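Asker: coordinates for the following, if possible.
(one chain, ligands or ions: 1)
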Amino acid sequence: MILKAEHLILGDGKTVLEQGAVCVDSEGKIKSVGPSDQIERQNPGEEVRDYGEATILPGLFDMHVHFGYYYSQPGLSEYDDYMVAYYALKQAAYALDLGITTVRDLASPYNLCKKMRMAGEAGFIEVPRIFHTHTGICMTGGHGHEDGITEVDGVWPLRKEIRRQLRDGADWIKILTSNREDFPEFTQEELNAAVDECHRRGVKTAVHAGTQPAIQMCIDAGFDTIEHGTFMTLAQAEQMAENNQAWVPTITAYTYLYEYTKRLIEEGGDLSNPISARAVKDQAFFEPAANAYRDHFKSFYDTGVTVLAGSDMVLYGAPPLPIHQELAYMVEYGITPVQAVATATGNPSRVMGLEKVTGFLHPGLQADLLVVQGNAAEDIHALDQVLGVYLGGRRVREN
Ligand SMILES: [Zn+2]
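Answerer: Predicted coordinates for the structure are as follows:
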């Protein structure tokens, strides 16, 4: 099968092909990528799908999802394991609708993502490629403890919990060490031990750190990805670039929280949802948070720090998995659409160690493809009009 379109974005942050095509082999891998006349000549008799004025790009990654975060749903008392699984399945369906073919889940109920992946492999359900932590780990009373994050204190209990999660199939470990205040939750000794326990097993680890001095402590501890980094400094971005630590800013989540809570306060909206009520309580945090992303994103990007797109949206009624909006903010704040696309394709592929699997339009990789209307290399909002989504060469969405 040959897919052709007027524009191809290869995923490396710079290469765009005009009048290009992707040939997909019978095993669902990319056989070749190049000018469409050449690809068609080399593969006579192949079925050709001509998408016309459209862009073909690698299927997207969302590097910060919580498929099983049901805590903001109404009717919470009905949420047993069955309901949580159905809820998570709906999130997975949204992902495919948007052209997200790979996710990293950074905390969901224990084993949920492991079993979703298994059920996908067994053919029971249709899900994107899933890489996951289990519940995430915070200190007793720390960020997320009300929402299913496992509470652990001290170096050896931390190591033991990490060992348990790895034994039970976690691909990554997630630590949470800051909330809305400027104090770090875990001690430096605990953070260092967590990273050491992962790295000596060859496993990567992500950390929720948005305030100071938690961000600096996490950079020093050697975490592989810093989630949010909301009040990061330029010097810290430079340090992360040098240490090869990646940044997952989650601009949309904080900007949405700011706008949403502002609206609720101004209009005196319904605060019966506990997660909304909590967000309103934190409104003083969200305004400077949204502004920090707007004002500093470009200068941090320019340090060369690897930026990864993650949506992290958990509010009831919010747009699910707004990864297109995340890329749109990056463009609004100063980078090019092609660079923004790399934060959801080539960059995460490298950080996840999946360069031979997915994230680029390169021969030999799985044909995880997104086709959108228009020229996404010029206009990032083209991503909002999905024409087709392919997972391992199989068409899973067609509009
Ligand atoms: Zn999160």
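
Asker: just say helix, strand or coil for Arg397.
Answerer: Put simply, Arg397 is strand when judged by DSSP: H, G, I helix; E, B strand; the rest coil.

Asker: three-state assignment of the nearest residue to it once chain neighbours are set aside?
Answerer: Using CB to CB, 6 or more residues apart in numbering and skipping residues adjacent in sequence, the residue nearest Arg397 is Val389, 3.8 Å away. The C-beta positions use only the backbone N, C-alpha and C, and glycine is treated the same way. Three-state call for Val389 (three-state DSSP): strand.

Asker: correct me if wrong: Val389 contacts Tyr94.
Answerer: No: using CB atoms under 8 Å, Val389 makes no contact with Tyr94, being 11.8 Å away.

Asker: quick one: which of these two has more around it?
Answerer: Shown here are Val389 and Tyr94; by other CB atoms under 10 Å, Val389 has more neighbours (26 against 14).

Asker: next up, the contacts around Leu166.
Answerer: Ile173, Arg201, Val203 (CB atoms under 8 Å, 6 or more residues apart in numbering).

Asker: can you pick the most crowded of these?
Answerer: Counting by other CB under 10 Å, top hit in the contacts of Leu166: Ile173 with 27 neighbours.

Asker: ranking helices and strands of the chain by mean pLDDT, which lands last?
Answerer: helix 274-281 (a mean of 81; mean pLDDT, DSSP states H and E).

Asker: hey, C-alpha coordinates of that one in PDB?
Answerer: Extracted in PDB, the C-alpha atoms of helix 274-281 (Å, rounded to 0.1, in the frame of the first residue of the first chain):
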ATOM      1  CA  PRO A 274     -14.200  18.000  44.200                       C
ATOM      2  CA  ILE A 275     -11.400  18.200  41.600                       C
ATOM      3  CA  SER A 276     -12.800  21.500  40.300                       C
ATOM      4  CA  ALA A 277     -13.100  22.800  43.800                       C
ATOM      5  CA  ARG A 278      -9.500  22.000  44.500                       C
ATOM      6  CA  ALA A 279      -8.400  23.700  41.200                       C
ATOM      7  CA  VAL A 280     -10.200  26.900  42.200                       C
ATOM      8  CA  LYS A 281      -8.500  26.800  45.600                       C
END
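
Asker: same for it, what does it pack against?
Answerer: The contact analysis (3 or more CB pairs under 8 Å, 6 or more residues apart in numbering; DSSP states H and E) places helix 274-281 against helix 251-267.

Asker: quick revisit: may I see the contacts of Leu166 arranged in a markdown table, with distance to Cys113 and secondary structure as well?
Answerer: Listed next are the contacts of Leu166 as a markdown table, based on distance: CB to CB, whole Å; DSSP: H, G, I helix; E, B strand; the rest coil:
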| residue | distance to Cys113 | secondary structure |
| --- | --- | --- |
| Ile173 | 13 | strand |
| Arg201 | 19 | coil |
| Val203 | 15 | coil |
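
Asker: nearest to Leu321 among these?
Answerer: Ile173 (22.5 Å; CB to CB).

Asker: state the distance from the closest one to Glu197.
Answerer: Ile173 is 8 Å from Glu197, where distance means CB to CB, to the nearest Å.

Asker: shared neighbours of the two, which are they?
Answerer: Residues touching both Ile173 and Glu197 by CB under 8 Å, 6+ apart: Ile162.

Asker: measure the nearest residue to Tyr69 once chain neighbours are set aside to Gln188 for me?
Answerer: Nearest residue to Tyr69, sequence neighbours excluded (CB to CB, 6+ apart): Val314, at 4.5 Å. Per CB to CB, Val314 is found 29 Å from Gln188.

Asker: who's more crowded, these two?
Answerer: More neighbours surround Val314 than the other of Val314 and Gln188, with 18 against 14 (other CB under 10 Å).
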